[in-house]
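S.K.: sequence and predicted model, in that order:
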Amino acid sequence: MPSHHYLSCLGQPVLLGPDGEPIRFRTRKHFGLLIYLAVEPSQSHRRQRLAELLWPRSGEAEARHSVATAISMFRNRLGPRSIQADRDNVRLTLDGLVLDLARLSRGEVLGDEVTPPLEIGNFLDDFELDDAPEFMLWRNRQQTRLFPAIREGLMLLIDRCRRTGNFRQIEVLADRLLAIDHLSEDGVRAKMEARAFDGDRLSALRIFEDWRGILSEELGAQPSTRIEGIALRLRRRGWERSESIEIPTVPTDHWRGHRFIGRAGEYRAVYECWEQSARRSSRNVLLLGDSGVGKTTISDRLITAAGLEGAVTVRIQCYELDREIPYGALAGLVRGLLSRPGSTGTRPAALADLSVCIPEIRQRYPDLPQRPFADGEGVRVQLAEGAHELLSAVAEESPVILVVDDLHLADDASIAVLHLVLRRIADQPIMLMLTARPSELERSPSARRIREGSEALRLRTVDVPPMSEEESRELLAALLEGATTGPNAAERRAFLAAAAGYPMVLELFVRDWLAHGHRAMPLTLGAMTADLSQAEAAEHTYKALIDRMIHELPTEVRSVLNLAAVLGNRLNDLEMYGLVDLTLARTMTGMTALNDLRLLRDNGHDLGFRNELIRAQAYMNVPSTLRRALHARVAQRLMDGLSEQPPTGLELAWHCFRAGRTDEGQKYLLTGAREAIDEGAVCEAELA
């Protein structure tokens, strides 16, 4: 616990004691006197001067009495040695008094792991003493003196929020800056960005138009080209259409109602790479993470942020079927670049080189010269040089971001060309952002080589792990905002446990719950029912991905997965796999393969499913007849006491119900519920 008092003067003033609790004063003038003594500590102050400063309308004797009363109160609240006073002079001597103004003057605004960011507002904001004009004049002089430092501090906080994607806080800070300087272009820009990232481009444009009118009326000035450009790019899809077709669109509408939670660190890493690239020191990014962990959200937000600043983005999504089409991914990028401003500045010879494998170019430019056909490695070099010239021509007009989603599904020929292009863009405002799933990246030799050569390619690998429990809880609350009814505490805990930190999985679960209520998949997978009541929780792409991975498994590995899905939390009981005639060696080999495919996760002490959606898809891929038979065998083994870890009543009940042994299941259900309550697991009993 801190041993000092803390006086905050930036914004609404407050004095905190060593225990962190606010210290209150009888009147505002007493607090105002303390603030004045703390901010002006270098000298003793004459009592007469203090009386005239704060009590000018009182008689001399009454004013001096008010000063004496305040001094007595300070000693009572802050300690007997907090004030040094004699008949004529007063001085604040409170040891360990910390002022936020001191942090501001030192530039210690952002804080660190221990110290929170500095709360910054105008000096003594809304602290009015109407009958003390001298004090108010002193406050106004301090506000003027501190304005540059306050503005700089707010800009530092806004910049950090911009780097971490916290645009809700940016709007709060922008409002504070505009309250101090209503003509601040930085404040208006930040507020426009915040509105854009809330999916409200109309409000962003109205804010700009109102500010532009005031700027013209009061100063006869016009906005800078930078903020004018942001407005033009927002207007391209808004209520006023731009006259120039050269202005790229900026995707903002899809952010409406979409909270950005738990990805600040990863976004900051990507944003800093983009900043370097925009300054012609190209830094590329490889985002690694499982499906549904948030890679696309991070890349989308960067595209929006960079787009507001004028960047051009070309994005392609790679698919399994495209893997066998040579230069398919490269063709997608080239088509996107051809429609961008500046592409017409590419040399015809370079476009002719690209047309060798991308016929659409010659259809667009039929008068291109004929180029000799190269073969083997020569084709890749020829295409790389042509792609680099096209990219450079576009980058002459605007910085460029190329996004390749699911790099591991791209064809080897395209990856090889991208590898060559990456080596050529070191000093250009070009950034390549790649996303991939780690488990499948290793299965693509060409993609793996890009990762292994990351240092030479100026490629930064950013891992996107599952969210923490606190972040997941915050996201769940955001997803349920506006719902007429919400899941109870037990159901919320079930959602969080089932999602295991995967935001897309949690979003699917909430969507499932809003549609089906108590029949939602996270609740019915372990429910005391004969079977899963409905099996439509996963969206098509996620379900297709998991199903494809399961169907590609060797027979023995799939047998391990089938039983693991039935066993749930008991999947590490290796003796159980003897029920399907798997030896210990085969079981461990199968689990290793499932861990490598990232269907299972090594928690340090045992294995578990990455999330319950993966387990649910694996569980539903087991034929229902086989599933019932496996449940029956597992239940009998547990009842026979052949497992090292004694089963709980609820575990036995679940296997019995799914095996069709309803009478036994009811008995174990009641026993298990009592056990859970006795052990403090009330939510488990409630769910059962």
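M.R.: Good, I have the coordinates.
S.K.: now for this protein, the helix or strand with the poorest mean pLDDT.
M.R.: When the helices and strands of the chain are compared on mean pLDDT, DSSP states H and E, helix 540-551 comes out lowest with a mean of 72.
S.K.: can you name the next helix or strand after it?
M.R.: Toward the C-terminal end, the helix or strand that comes next after helix 540-551 (DSSP states H and E) is helix 555-567.
S.K.: contact partners of that following helix?
M.R.: Contact partners of helix 555-567, identified using Cβ atoms under 8 Å, 6 or more residues apart in numbering, comprise 550, 553, 571, 573, 576-577, 579-580, 582, 586-587, 589-591, 593-594, 599-600, 609, 615, 618-619, 621-622, 626-627, 630-631, 634. No exception for glycine: its C-beta is placed from N, CA and C like everyone else's.
S.K.: just the buried residues of the residues you listed.
M.R.: The neighbour-count test (16 or more other Cβ atoms under 10 Å) marks 550, 553, 571, 573, 576-577, 579-580, 582, 586-587, 589-591, 593-594, 599-600, 609, 615, 618-619, 621-622, 627, 630-631, 634 as buried among those.
S.K.: let's see which of the residues you listed end up in helices.
M.R.: The members of the buried ones among the contacts of helix 555-567 that map onto helices under DSSP state H are 550, 586-587, 589-591, 593-594, 615, 618-619, 627, 630-631, 634.
S.K.: A393: which of those is nearest?
M.R.: Checking those against A393 by Cβ to Cβ gives I550 as the nearest, at 45.8 Å.
S.K.: contacting residues for the closest one?
M.R.: By Cβ under 8 Å, 6+ apart, the contact list for I550 reads R558, L561, Q617, A618, N621.
S.K.: how about TSV for the residues you listed, with distance to T485 and pLDDT added?
M.R.: Output for the contacts of I550, formatted as TSV (distance: Cβ to Cβ, whole Å; pLDDT from 0 to 100):
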residue	distance to T485	pLDDT
R558	40	91
L561	36	92
Q617	28	84
A618	31	87
N621	33	86
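S.K.: for L202, state which of those residues is nearest.
M.R.: Sorting the contacts of I550 by how near they are to L202, with Cβ to Cβ, puts Q617 at the top with 40.9 Å.
S.K.: now the closest one, nearest residue through space, not along the chain?
M.R.: The shortest distance from Q617 to any residue other than its chain neighbours is 4.2 Å, reached at I546 (Cβ to Cβ, 6 or more residues apart in numbering).
S.K.: next one: the one you found from R610, what distance?
M.R.: Taking Cβ to Cβ, to the nearest Å as the criterion, I546 is separated from R610 by 10 Å.
S.K.: spell out which residues are contacts of both of those two.
M.R.: L599.
S.K.: which strands and helices sit next to the host helix or strand of F147?
M.R.: Element membership for F147 (DSSP H and E) is helix 133-164. Based on contacts counted as 3 or more Cβ pairs under 8 Å, 6 or more residues apart in numbering; DSSP states H and E, the elements that helix 133-164 packs against are helix 28-39, helix 47-54, helix 100-106, helix 167-180, helix 185-196, helix 264-278.
S.K.: any weak-confidence spans in the protein?
M.R.: When residues are selected by pLDDT under 70, those of the chain lie in 1-3, 42, 237-249, 372-376, 533-542, 545, 604.
S.K.: where do the strands sit along it?
M.R.: All strands of the chain, identified by DSSP state E, fall at 6-8, 14-16, 45-46, 83-85, 89-92, 98-99, 284-288, 312-317, 400-405, 430-436, 459-463, 600-602, 607-609.
S.K.: which ones are touching R449?
M.R.: With the criterion set at Cβ under 8 Å, 6+ apart, R449 makes contact with H419.
S.K.: circling back to that earlier point, can you put the strands of the chain in CSV and add distance to Y365?
M.R.: Converted to CSV, the strands of the chain look like this (distance: least, Cβ to Cβ, whole Å):
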stretch, distance to Y365
strand 6-8, 65
strand 14-16, 68
strand 45-46, 81
strand 83-85, 84
strand 89-92, 78
strand 98-99, 67
strand 284-288, 29
strand 312-317, 19
strand 400-405, 21
strand 430-436, 23
strand 459-463, 33
strand 600-602, 51
strand 607-609, 53
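S.K.: nearest to R511, out of those?
M.R.: With Cβ to Cβ, the closest approach to R511 among the strands of the chain belongs to strand 607-609: 20.5 Å.
S.K.: mind listing residues that contact stretch 456-473?
M.R.: With Cβ under 8 Å, 6+ apart as the contact definition, stretch 456-473 has outside contacts at 261-263, 266, 269-270, 273, 282-289, 293-295, 298, 419, 422-423, 426, 432, 434, 450-451, 453-454, 475, 492, 496, 499-503, 506, 610-611.
S.K.: may I have that stretch exported as PDB, CA atoms only?
M.R.: Written as PDB, here are the backbone C-alpha positions of stretch 456-473 (Å, rounded to 0.1, in the frame of the first residue of the first chain):
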ATOM      1  CA  ALA A 456      16.200 -12.000 -44.300                       C
ATOM      2  CA  LEU A 457      12.700 -11.300 -45.400                       C
ATOM      3  CA  ARG A 458      12.100  -8.700 -42.600                       C
ATOM      4  CA  LEU A 459       9.200 -10.900 -41.600                       C
ATOM      5  CA  ARG A 460       7.900 -10.600 -38.000                       C
ATOM      6  CA  THR A 461       6.000 -13.600 -36.600                       C
ATOM      7  CA  VAL A 462       3.100 -12.600 -34.400                       C
ATOM      8  CA  ASP A 463       1.500 -15.500 -32.500                       C
ATOM      9  CA  VAL A 464      -2.200 -15.100 -31.700                       C
ATOM     10  CA  PRO A 465      -2.900 -17.200 -28.600                       C
ATOM     11  CA  PRO A 466      -6.400 -17.900 -27.100                       C
ATOM     12  CA  MET A 467      -7.700 -15.100 -24.900                       C
ATOM     13  CA  SER A 468      -7.400 -15.100 -21.100                       C
ATOM     14  CA  GLU A 469     -10.400 -16.000 -18.900                       C
ATOM     15  CA  GLU A 470     -10.800 -12.300 -18.000                       C
ATOM     16  CA  GLU A 471     -10.800 -11.200 -21.700                       C
ATOM     17  CA  SER A 472     -13.200 -14.000 -22.600                       C
ATOM     18  CA  ARG A 473     -15.600 -12.900 -19.800                       C
END
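S.K.: what comes up buried for it?
M.R.: By 16+ other Cβ under 10 Å, the buried positions in stretch 456-473 come out as L457, R458, L459, R460, V462, V464, P466, M467, E471, S472, R473.
S.K.: kindly report the same for stretch 176-194.
M.R.: So stretch 176-194, judged by 16+ other Cβ under 10 Å, has buried residues 176-178, 180, 184, 186-194.
S.K.: output these as TSV; include the columns distance to D159.
M.R.: What follows is the buried residues of stretch 176-194, written out as TSV (distance: Cβ to Cβ, whole Å):
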residue	distance to D159
R176	14
L177	12
L178	17
I180	17
S184	14
D186	10
G187	13
V188	16
R189	12
A190	9
K191	15
M192	15
E193	12
A194	14
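S.K.: what pairs with R91 across the strands?
M.R.: Residues in a beta bridge with R91, per DSSP bridges, are Q84.
S.K.: returning to what we had before: pick the one among the ones in helices among the buried ones among the contacts of helix 555-567 closest to N122.
M.R.: Of all those, R615 has the smallest distance to N122: 54.1 Å, by Cβ to Cβ.
S.K.: and for G307, nearest residue in space, chain neighbours not counted?
M.R.: Skipping the residues right next to it in sequence, G307 comes nearest to V250 by Cβ to Cβ, 6+ apart, at 3.9 Å.
S.K.: which ones are touching the one you found?
M.R.: With Cβ under 8 Å, 6+ apart, V250 has these contacts: A196, R233, L234, R236, R237, T304, G307, L308.
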